[in-house]
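>>> Provided below for reference: sequence and predicted model.
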Amino acid sequence: MIGVSEERDPAGIKLMSRAGLDSKQYISVSNKSTYLHAMNIETGEFVIIEKKTAEIVKSPGALAGDPGLEK
C-alpha cells in the first residue's frame, strides 16, 4: 500500500490535516512553494491545497484567481 511517512513529508501531512484530509488516504504528489498537490490513493482523485489558507481548490487556475470556468 502506498503512503506518506512522517519522516518523508511532515509538512505535507500537516497541511493535509489542516485542510481536513485524512493523510492516510492521501499522498503528496508535488509540494510547490504556494500549494500542495495530493492524490487520494483509493480513488485516484487529485486535489490542490493552497498553503497560505489550507483551502482545497479544484484547479491550478483557481490559485491564480481564474478557476477556468469562463473562457
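The structure has been received and is ready for your questions.

>>> what about stretch 43-54, average pLDDT?
For stretch 43-54, mean pLDDT is 90.

>>> err, stretch 29-37, not the other one
Computed over stretch 29-37, the average pLDDT equals 89.

>>> For that stretch, C-alpha coordinates in PDB please.
Output in PDB follows, covering the C-alpha atoms of stretch 29-37 (Å, rounded to 0.1, in the frame of the first residue of the first chain):
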ATOM      1  CA  VAL A  29       2.400  14.300  -5.300                       C
ATOM      2  CA  SER A  30       4.200  17.600  -5.500                       C
ATOM      3  CA  ASN A  31       4.900  20.200  -2.900                       C
ATOM      4  CA  LYS A  32       5.300  23.600  -4.500                       C
ATOM      5  CA  SER A  33       6.000  26.900  -2.800                       C
ATOM      6  CA  THR A  34       2.400  28.100  -2.800                       C
ATOM      7  CA  TYR A  35       0.400  24.800  -3.000                       C
ATOM      8  CA  LEU A  36       0.500  21.100  -2.300                       C
ATOM      9  CA  HIS A  37      -0.800  18.700  -5.000                       C
END
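
>>> How about it, which residues are buried there?
Residues of stretch 29-37 classed as buried by neighbour count (16 or more other CB atoms under 10 Å): 35, 36. The way it works is simple: take the backbone N, C-alpha and C, and place the C-beta from them, glycine included.

>>> Show me what that stretch is in contact with.
Here stretch 29-37 makes contact (CB atoms under 8 Å, 6 or more residues apart in numbering) with 9, 11-12, 15-16, 28, 38-39, 46-52, 57, 60, 63.

>>> now that stretch, how far from the chain's geometric center?
The offset between the C-alpha centroid of stretch 29-37 and the centroid of the whole chain comes to 7 Å, using CA atoms, centre = their mean, to the nearest Å.
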